[in-house]
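Q: Here's a sequence, model it:
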Amino acid sequence: MAAKEAEMEAANAVVAMVAGARVEASRAVAARERVAEQTETIRAAVAAATAAAAAAAVEVFIAVAVAVAMAMAVVVAMTMAVAVAVAVAIAVAVAASAIAAVAAAATVSMAVTVAVTQRAL
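A: Below you'll find the predicted structure:
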């Protein structure tokens, strides 16, 4: 009879161990599922952060392109201002040449007038 009781106790202990193993297996499966869910959440967050970083990089690129275009516009405007200044300087030089030519012509005319007047006297 004691052997029968010991056998029953051993069987109960085995059943309890199997039940405990099933509980632990269920807990392990639940933990694995939680880890999988968290991994998916992390992946989604990383994907969103990557997309945001890419969008920010595109915005920075556009801002740099606009700044370069504005700088180029300033350079073009400065070049045009220099070209206008050179054109004005050329116009002033041409006008000075014309004035010098008129002055030379007036000097020649005056010299001719003086010479003709001296001959006449």
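Q: chain center to stretch 18-36, what's the gap?
A: The gap between the average C-alpha position of stretch 18-36 and the chain average comes to 50 Å, counting by Cα atoms, centre = their mean, to the nearest Å.
Q: same question, stretch 51-64
A: In terms of Cα atoms, centre = their mean, the centre of stretch 51-64 is found 6 Å from the chain centre.
Q: now the strands for this structure?
A: Remark: strands of the chain are absent; assignment by DSSP state E.
Q: how close does Asp62 get to Val114?
A: Not quite, residue 62 is Ile, not Asp. When Cβ to Cβ, to the nearest Å is applied, the distance between Ile62 and Val114 equals 77 Å. From N, CA and C alone the C-beta is placed, and that goes for glycine too.
Q: Oh, that last question was meant for Met1, not what I typed.
A: Here the criterion is Cβ to Cβ. By it, Met1 lies 166 Å from Val114.
Q: Tell me, what's the model's pLDDT at Ala13?
A: Among the per-residue scores, Ala13 shows a pLDDT of 78.
Q: how much space between it and Ala30?
A: Using Cβ to Cβ, one obtains 26 Å as the distance from Ala13 to Ala30.
Q: next one: Val75
A: Applying Cβ to Cβ to Val75 and Ala30 gives a distance of 67 Å.
Q: Over to Val74?
A: Going from Val74 to Ala30 by Cβ to Cβ gives 66 Å.
Q: Repeat that for Val82.
A: Val82 sits 77 Å away from Ala30, taking Cβ to Cβ as the criterion.
Q: And for Ala21?
A: Distance check for Ala21 against Ala30: by Cβ to Cβ, it reads 15 Å.
Q: Also Ala104?
A: Taken as Cβ to Cβ, the spacing of Ala104 relative to Ala30 amounts to 110 Å.
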